[in-house]
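**Student:** Predicted structure and sequence below. I'll ask about it afterward.
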Amino acid sequence: MTGQWAFALLAIVAASLAACTVGPDFHQPQTDNPAAWGGEPSDVGSVTYGGPVDERWWRSFDDPELTSLVSRLSRQNIDLASALERVQQAQAQTQVAASQGLPHITEQSQYTFTRESPHGFISLVEPVPGAPLGFSLWTNALQSSWELDLFGRVRRAVEAQRADTEAEIEARHAIALRAIADLAQDYMQLRGTQVRAAITRRNLALANHDLALVRDQFANGVATTLDIANAEAQQATIASELPALRAEAARLINAIGYLLAEPPRALEGELTPVVALPLAPPTVPIGLPSTLLRRRPDIREAEARLHAATAETGVAVASFYPDITLMGNAGLQGRDFVNAFSMPDLEATVGPTFNLPIFQGGQLRGNLRLRRSQQREAALDYRDTVLAAWQDVDDALTAYATAQERHDLVATAVAKDRDALGAAQQSYQQGATDFLNVIAAEASLLQGEDNLAQSETEIETDLVGLYKALGGGWTIADQ
């Protein structure tokens, strides 16, 4: 009866202290959010406003090929697959941590044969005449233990591991966001490079036409050998731009293929046909600064890391308190095989074990200082991540607006270059000017059209960068 009362008392103590978890509790950190994003010009082709951020923003470009590539990315990207393994590892670690607060039961069956020396320990007693020196021993036993976790050491450890798991999930979300943005920007640059190559080929055809015209005029005694040399130099200069553009297009196709875990040149047949550069939507919702904290996976990861560090501090605090573990052993033992399965041969021990740290050489205090410092560092990392996120969005907004302003100026310059080329060609045909003016006008137009194509590509890549800064799109990792 004494043992029953002892267990009843322990059960009451465990129940009363079940909610006793020492150490700091985690609270979501507070930040001073900006009231609104900085003002940007409204007289551009694509304006931003404070609506909900589109989680499938790549569809706003209305490009089926881009949508298809992003869809395959979520299934094929190796970095995403590796990150999923890390999430599953963290989940397994959580299960391991939680098991420390549950009863542990093991079964052990054993057979031993022992022969005593007649001149050893047995010589100190007088054995029964004829008693054998050797005997067999059969054992079949259950061993159990259960740490009561009265002060929450195990619970804090589980809390920390669950926060680590959440951090790994958010880290995977960040990988997804970065991979989508990289793929979309590579795709925009590919289409821009193809447009630039098409412009170069068109200007090369114009240069070939001019060269044929100059040769005809030379045959009629109107043009000079200098005009022919200038026309041939212009043709060669324009043609020299094409190899570099082809190499850049091949590099971008391989970059996209790498994100999809495809071997080099695997996507050439799919991406080599020239398609117009996708256009930016007329309006882009960018949300409010206060909602950025929930959208950006790097902020969510930093918050989870802070949660884990706070819980680890709780583990360190709980290490100063005593542990109580219920121990129990029950088994059957006998010198014959049948005794190992016979209830009359039952033996059992049961009782609590108290473990109170008295002197650890400063280990516990050093560990607590370490955990508290890591907690403060995690809080600083969270604050730094939030500030960097706000800066990313502000810089991306500025880049997107200024890219559109530059595009409008370049488009005006290209229109003037076309007028200048037409006037120079007409004057040359009328004999009012030499061919150098035509070449100069053609070179200016080619450079202007190339700048315009690069400006259009910059708008699209800057818009992708803005979507990345806003934290939209990582939900594909959960599909």
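**Tutor:** It's in.

**Student:** Would you map the helices across the protein?
**Tutor:** 2-16, 64-76, 78-99, 153-219, 225-239, 241-259, 268-271, 289-295, 297-318, 363-429, 435-470 (DSSP state H).

**Student:** Compare those helices and give me the one nearest Ala36.
**Tutor:** Closest approach to Ala36 among the helices of the chain (C-beta to C-beta): helix 289-295, 6.9 Å. (Glycine included, C-beta is placed from N, CA and C.)

**Student:** thinking again about what came up before, can you tell me which of the helices of the chain is packed in deepest?
**Tutor:** helix 297-318 (a mean of 23; mean count of other C-beta atoms under 10 Å).

**Student:** I'd like to know which elements that one is packed against.
**Tutor:** Secondary-structure packing of helix 297-318 (3 or more C-beta pairs under 8 Å, 6 or more residues apart in numbering; DSSP states H and E): helix 153-219, helix 289-295, helix 363-429.

**Student:** about what we covered before: just put the helices of the chain in TSV and tack on distance to Thr112.
**Tutor:** Formatted as TSV, the helices of the chain follow (distance: least, C-beta to C-beta, whole Å):
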stretch	distance to Thr112
helix 2-16	29
helix 64-76	57
helix 78-99	31
helix 153-219	36
helix 225-239	91
helix 241-259	62
helix 268-271	71
helix 289-295	63
helix 297-318	41
helix 363-429	39
helix 435-470	68
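
**Student:** now those helices as a markdown table including mean pLDDT?
**Tutor:** As requested, these are exported to a markdown table (pLDDT from 0 to 100):
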| stretch | mean pLDDT |
| --- | --- |
| helix 2-16 | 48 |
| helix 64-76 | 94 |
| helix 78-99 | 94 |
| helix 153-219 | 93 |
| helix 225-239 | 89 |
| helix 241-259 | 96 |
| helix 268-271 | 94 |
| helix 289-295 | 88 |
| helix 297-318 | 95 |
| helix 363-429 | 92 |
| helix 435-470 | 91 |
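
**Student:** what about these, which gets the closest to Gly38?
**Tutor:** helix 363-429 (5.6 Å).

**Student:** Quick one: work out the angle between the closest one and helix 225-239.
**Tutor:** Angle, helix 363-429 to helix 225-239, by axes from the mean of the first three to the mean of the last three C-alpha atoms, to 10 degrees: 150 degrees.

**Student:** counting contacts, what elements does helix 363-429 pack onto?
**Tutor:** Against helix 363-429 (3+ C-beta pairs under 8 Å, 6+ apart) you get strand 47-49, helix 289-295, helix 297-318, helix 435-470.

**Student:** and Asn33, which of the helices of the chain is closest to it?
**Tutor:** Counting by C-beta to C-beta, Asn33 lies closest to helix 289-295 out of the helices of the chain; the figure is 4.6 Å.

**Student:** Now do that closest one: which elements does it pack against?
**Tutor:** helix 297-318, helix 363-429.

**Student:** of all those, which lies closest to Glu55?
**Tutor:** Taking C-beta to C-beta, helix 297-318 is the member of these nearest to Glu55, at 12.5 Å.

**Student:** hang on, the earlier thing: would you mind putting the helices and strands packed on helix 363-429 into CSV with distance to Pro118 alongside?
**Tutor:** Below are the helices and strands packed on helix 363-429 laid out as CSV (distance: least, C-beta to C-beta, whole Å):
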stretch, distance to Pro118
strand 47-49, 98
helix 289-295, 81
helix 297-318, 55
helix 435-470, 85
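
**Student:** Out of the ones you listed, which gets nearest to Cys20?
**Tutor:** It is, among those and with distance given as C-beta to C-beta, helix 297-318, at 9.7 Å.
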